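Enquirer: I would like to see how this sequence folds:
(2 chains)
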Amino acid sequence: MPSNAEAAEIFRNIGDLLDVLGERFKPEAYRRAARSIDSLTEDLGRIAARDELDTIPGVGEAIAEKIREYLATGHLAYYDRLKKEVPPGVAEIMRLPGLGPKTARRFWVELGIEGPAELEAAIAAGRLDSVKGFGPRKIELIRDALAAARATPGRSARLPIETAYPLAERIVRALRERSARDRAEIAGSFRRRRETVGDLDILVTSDESEKVFDAFSLPEIGEVKMRGPTKETCVLTNGLQVDLRVVEPKEFGAALLYFTGSKDHNVHLRTIAKDRGLKINEYGIFRGDERLGGATEEEVYAALGLAWVPPELRENRGEVEAAAKGPLPPLVDAPDLRGDLHVHLPPSAGTAEVDRLLADARRRDLAYVGVVIAGFDAEGHPWTLGSPALRRIVALGDGNPRVLPCVETTPEGKVPLTPGGTPEYAIARAGPSEESRGSDGAKGPPVRVVAHLSGDGDAGGRAGLAIARAAKAAIEVGPGTERFDSNWARVARESGTALSVPTGLGAPPDDPLGPIALGFARRSGAGAADVVNAGSPSAREARKRRSTSSR
DNA sequence: GCCGTTTTCGGCCCGACTGTTTTCAGTCG
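Expert: This next block holds a predicted model:
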């Protein structure tokens, strides 16, 4: 059965080929369908079996028919025909940075250039020098793009968000420290907490853009690609592109909304605006020349008759329709997290490390901490925490926060020997998967949590979810090779499997685990009630009241 | 090719920036 990703890739390629052929609106239509298919949480085959392909946003009659043909035969006649019509190298030229469909088409039609190698030869032979619209600077840029593409073939890969996170946080912190008055925020897919980011979009309020750009000088910045009055683009030494934009405070909300996206979410908002005789751009929302708002995102949504939409949900998957009916149900948030069910200490940890962990937990107002004291490693060998830490953990027991000793078991539930007392609950590790079982510190039945999935991406998610379902366990969401990402979290939620959200307890300030795991849970649409280590807002309020009254 | 609580046809986001330009096309996000 062909995968969704393969189908999406084909439609993206069709979009590129149609672009080169000079089609006006079809390319974007195919790419939109590809984006929709990528964000599905269900196999196309199952949707097709229910005859519901046309419920996918951007998929109409023609593309639905193509999906059916592809599912049935593994081929797409239309795609094969386009590939015959357009040399594959022409689409390759189109994808070079700074070039596009128009340029690639001109090279192909006017000069007979059918690929990057031929383009390189043509430049060397001076064949571009006499072509209208190609001055020396442009030719130089094309030569650079060709050289860069040859040096690192198959690049322009998106970066895992957890890789970009520490750097992004450092950049935005540096910008905030520059001026107490100005705001700085990272927008784009980083703010939406997508699993990967293509670049960083950073917004800063200031009336002195030059000074912001000048202050924006980190050791990681490789080259400044361009700098205009309001925008600077640079490339970091690790290849990540950073767009820095300076806006006025009264425009900040509109700009944040605009640059957070997603594209499909923005297009939907614009359509609504247009229906109401309004116009949205990155400077605000307007009726004719009258400015209706733009200082905050809420103003813009409100002018459209919509409730504010959390960034993690802005993917045009029905969130706009929901926001038209009223406030969206609250997503799980950091203050909802009452404890952490899965914390590791280094094997050599002593009492000091344990106390430091608990101090961090108190700072975060956590009621309980599950610390792994024993388990199996990836080869199936048992291990235990060193005895000083172990004794400390057992001795602390019911303190504040409450310490829950926990063991990791195999997926089959095999429990390691646990010297030093009875574990409160168990995290089991067997083969590539790991399962934890615990109590959430409250009254009620023990909670089981599945974590540490195998690094196979989809296969790991599928296997982990199967174990969680069979064991009636929760499943831990988070970034990394053992990840359970937001798409899987959505599948889990839709099937009634609870999530466990790690807090990143004990980790350094820029560690991505806690914030990204929370982001993934929110992206899946989870509220506090869907998260096993979260309390309801009312319980949180009660706790807050208790703690303030006791002070 | 898709889409419609004012449309089944006629629209399709829109502004910044760059390079090559005497007024704009192409690319990007």
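
Enquirer: what number of residues lie near the closest residue to DNA strand B within the stretch 151-300 of chain A?
Expert: Nearest residue of the stretch 151-300 of chain A to DNA strand B: A:Gly228, at 2.3 Å (Cβ to the nearest atom of the strand). (Glycine included, C-beta is placed from N, CA and C.) A:Gly228: 11 surrounding residues under other Cβ atoms under 10 Å.

Enquirer: same question, A:Ala463
Expert: Look at A:Ala463: counted by other Cβ under 10 Å, it has 18 neighbours.

Enquirer: Confirm it sits in a helix?
Expert: Yes. Looking at A:Ala463 with DSSP: H, G, I helix; E, B strand; the rest coil, it is inside a helix.

Enquirer: Angles on the backbone of the residue of the stretch 151-300 of chain A closest to DNA strand B, please.
Expert: phi -110, psi -170 (degrees, to the nearest 10).

Enquirer: now the helices for the stretch 351-500 of chain A?
Expert: Here the stretch 351-500 of chain A has its helices, by DSSP state H, counting those that start in this stretch, at A:351-363, A:387-396, A:458-470, A:486-494.

Enquirer: Run the chain-centre distance for the third one.
Expert: A distance of 21 Å separates the C-alpha centroid of helix A:458-470 from that of its chain, computed with Cα atoms, centre = their mean, to the nearest Å.

Enquirer: And A:Arg193, how close does it get to A:Glu28?
Expert: Distance, A:Arg193 to A:Glu28, by Cβ to Cβ, to the nearest Å: 25 Å.

Enquirer: out of the two, which sits in the more crowded spot?
Expert: Remark: of A:Arg193 and A:Glu28, A:Arg193 carries more neighbours, 23 against 16, as counted by other Cβ under 10 Å.

Enquirer: Double-check that that one belongs to a helix.
Expert: No. Judged by three-state DSSP, A:Arg193 forms no part of a helix; its state is coil.

Enquirer: Hmm, it is touching A:Glu312, no?
Expert: Yes. In this structure A:Arg193 lies within contact range of A:Glu312 using Cβ atoms under 8 Å: 5.2 Å.

Enquirer: Give me the common contacts of these two.
Expert: Common neighbours of A:Arg193 and A:Glu312 (criterion: Cβ atoms under 8 Å, 6 or more residues apart in numbering): A:Ser486, A:Gly519, A:Arg522, A:Arg523.

Enquirer: where does A:Ala492 land on pLDDT?
Expert: A:Ala492 carries a pLDDT value of 92.

Enquirer: and it, what does it touch?
Expert: Contacts of A:Ala492 by Cβ under 8 Å, 6+ apart are A:Leu465, A:Ala468, A:Ile475, A:Phe484, A:Ala498, A:Leu499, A:Ser524.

Enquirer: roughly how far apart are the closest residue to the fourth one other than its chain neighbours and DNA strand B?
Expert: By that I understand A:Phe484. Counting by Cβ to Cβ, 6 or more residues apart in numbering, A:Val477 is the residue found nearest to A:Phe484 once chain neighbours are left out, at 4.9 Å. Taking Cβ to the nearest atom of the strand, to the nearest Å as the measure, A:Val477 falls 27 Å from DNA strand B.
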